[in-house]
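Novice: Predicted coordinates and the sequence they were generated for:
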Amino acid sequence: DVVVDNSVPSNLNVLQAQSQQIERDLRALPGQPRLVRASTAATIVELEDRIAIIDYRLNHPAVRLSRMETEIYWRERVSLMNSLLNLRRAQAQRMAF
């Protein structure tokens, strides 16, 4: 018999909680400035596009993912969201000066 310890959250739950926290942190940042470097804007768009692709794969009913694939996509989403958050924080700091 397989014993599942429900007191220890799965990696998936941890990753989902991290993702939600990063989304809250992103919403708490000031809006993007009107004047943005082209390279920064392109990087933000690329990150947002990659996140959108992952979200599609995670949420579309026609896409069947194994538990391992789901965890890999959540891990990648958290990584991309962290990159986006770091970029937006740096952008907000530049705006403050």
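Specialist: Here it is on my side, so go on.

Novice: need the helices for this structure, in chain order.
Specialist: For the chain, the helices defined by DSSP state H occupy 11-28, 38-59, 67-96.

Novice: Pick the most buried one from the ones you listed.
Specialist: Most buried of these, by mean neighbour count (mean count of other CB atoms under 10 Å): helix 67-96, with a mean of 15. Every residue, glycine included, has its C-beta placed from N, CA and C.

Novice: ok so, going back, okay, the helices of the chain in JSON lines with mean pLDDT next?
Specialist: As requested, the helices of the chain are exported to JSON lines (pLDDT from 0 to 100):
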{"stretch": "helix 11-28", "mean pLDDT": "94"}
{"stretch": "helix 38-59", "mean pLDDT": "94"}
{"stretch": "helix 67-96", "mean pLDDT": "90"}
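
Novice: tell me the phi and psi of P30?
Specialist: For P30, the backbone dihedrals are phi -60, psi 160 (criterion: degrees, to the nearest 10).
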